[in-house]
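Student: Sequence first, then the predicted structure, then my questions.
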Protein chains: 2
Amino acid sequence: MAIVKKHTTFGEHLRQLRETAGMTLREVAANIEIDPSLLAKIERNQRQPTKQIIKNVSEFFKVNEKQLLDEFLSDQIAYKILDEEADLNVLKVAEEKVSYLKTLRNG
Amino acid sequence: MAIVKKHTTFGEHLRQLRETAGMTLREVAANIEIDPSLLAKIERNQRQPTKQIIKNVSEFFKVNEKQLLDEFLSDQIAYKILDEEADLNVLKVAEEKVSYLKTLRNG
DNA sequence: ATACTTTTGGACAAAATTTGTCCGGAATGG
DNA sequence: CCATTCCGGACAAATTTTGTCCAAAAGTAT
């Protein structure tokens, strides 16, 4: 049985989609209407995709857009935690704050 | 027994510290060396504190700096989740990604 | 090795976001 | 009323991010 990566970065996922389709950066870039160099950077997590780019990617590769968006968001959060060398516990606190802030908004 | 808020925002916490000390914005602002209006905005979560400000706050109110930093970080994450109307599940995915990215870095 | 294509990566201006300050006005309390 | 505190909009300055260009590296085939 092959080893399957469950959790990769957004960029790695995008690259997998492209390579599975057997396409070059130039080809995919043309289809999702961005510069090939930008696509390359996104695949290497050196640039962040805009929402529009994520939308185009999801349409082109026929994957769920919301899933892609969430995947990208979890990337951003993970990178932030690493950047700040923060305790993983902040994620649990954040979760509780989301509930708290929601009640603040609603009443 | 009084109801105690466990999870407030960074700004609310800061305001509590100040009010507990019975000080005005102007007074605290002078001590942590920022404009009173900026402090007011931070308390209302309209501006983000810099690391320096957090450091000064922790020193002035004698609270743990790392804790404050983590509290602020969890705020940022919570606000992001709300902003994007994302599923709370992204936090769990993010947690797994942190581990993954750590192994990427180390080997 | 040459020629061709793909990918990487640096540099940089343009665009977008964030920051801190100023100031007028509202609220609070003598 | 007067004095002080707090709020909040506006704005320039500072900072960050973005997308593009181009050259060099890496890969492929002939």
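Tutor: Yep, it's here. Numbers count the residues shown, from 1 in each chain, chains lettered A, B, ... in the order given.
Student: Any residue of stretch A:16-29 touching DNA strand C?
Tutor: Yes - for stretch A:16-29, a contact with DNA strand C is found by Cβ under 7 Å from any atom of the strand, at A:24-27. Where you see a C-beta, it was placed from the backbone N, CA and C, and this is true even at glycine.
Student: Max pairwise distance over those residues: which two?
Tutor: Greatest spacing in these, by Cβ to Cβ: A:Leu25 and A:Glu27 (7.3 Å).
Student: quick one on the thing from earlier: closest one of the residues of stretch A:16-29 next to DNA strand C to B:Pro49?
Tutor: Closest approach between the residues of stretch A:16-29 next to DNA strand C and B:Pro49, by Cβ to Cβ: A:Leu25, at 40.5 Å.
Student: any residue of stretch A:21-38 up close to DNA strand D?
Tutor: Yes - judged by Cβ under 7 Å from any atom of the strand, stretch A:21-38 comes into contact with DNA strand D at A:34-35, A:37-38.
Student: could you pull out the strands for chain A?
Tutor: Counting by DSSP state E, one finds no strands in chain A.
Student: What parts of it come near DNA strand D?
Tutor: Within chain A, the positions lying close to DNA strand D (Cβ under 7 Å from any atom of the strand) are A:34-35, A:37-38, A:41, A:47-48, A:50, A:53.
Student: Just list the residues touching the closest residue to A:Asp75 other than its chain neighbours, thanks.
Tutor: Nearest residue to A:Asp75 in three dimensions, chain neighbours excluded: A:Phe10, at 4.6 Å (Cβ to Cβ, 6 or more residues apart in numbering or on different chains). Contacts of A:Phe10 were listed using Cβ atoms under 8 Å, 6 or more residues apart in numbering or on different chains, and they are A:42, A:45, A:49, A:68, A:71-72, A:75.
Student: got those as JSON lines, with neighbour count, distance to A:Glu84 and pLDDT columns?
Tutor: Below are the contacts of A:Phe10 laid out as JSON lines (neighbours: other Cβ atoms under 10 Å in any protein chain shown; distance: Cβ to Cβ, whole Å; pLDDT from 0 to 100):
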{"residue": "A:Ile42", "neighbour count": "24", "distance to A:Glu84": "23", "pLDDT": "98"}
{"residue": "A:Asn45", "neighbour count": "16", "distance to A:Glu84": "17", "pLDDT": "97"}
{"residue": "A:Pro49", "neighbour count": "25", "distance to A:Glu84": "22", "pLDDT": "98"}
{"residue": "A:Leu68", "neighbour count": "22", "distance to A:Glu84": "25", "pLDDT": "96"}
{"residue": "A:Glu71", "neighbour count": "21", "distance to A:Glu84": "21", "pLDDT": "96"}
{"residue": "A:Phe72", "neighbour count": "25", "distance to A:Glu84": "19", "pLDDT": "97"}
{"residue": "A:Asp75", "neighbour count": "25", "distance to A:Glu84": "15", "pLDDT": "96"}
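Student: Since that was my last question, I'll sign off now.
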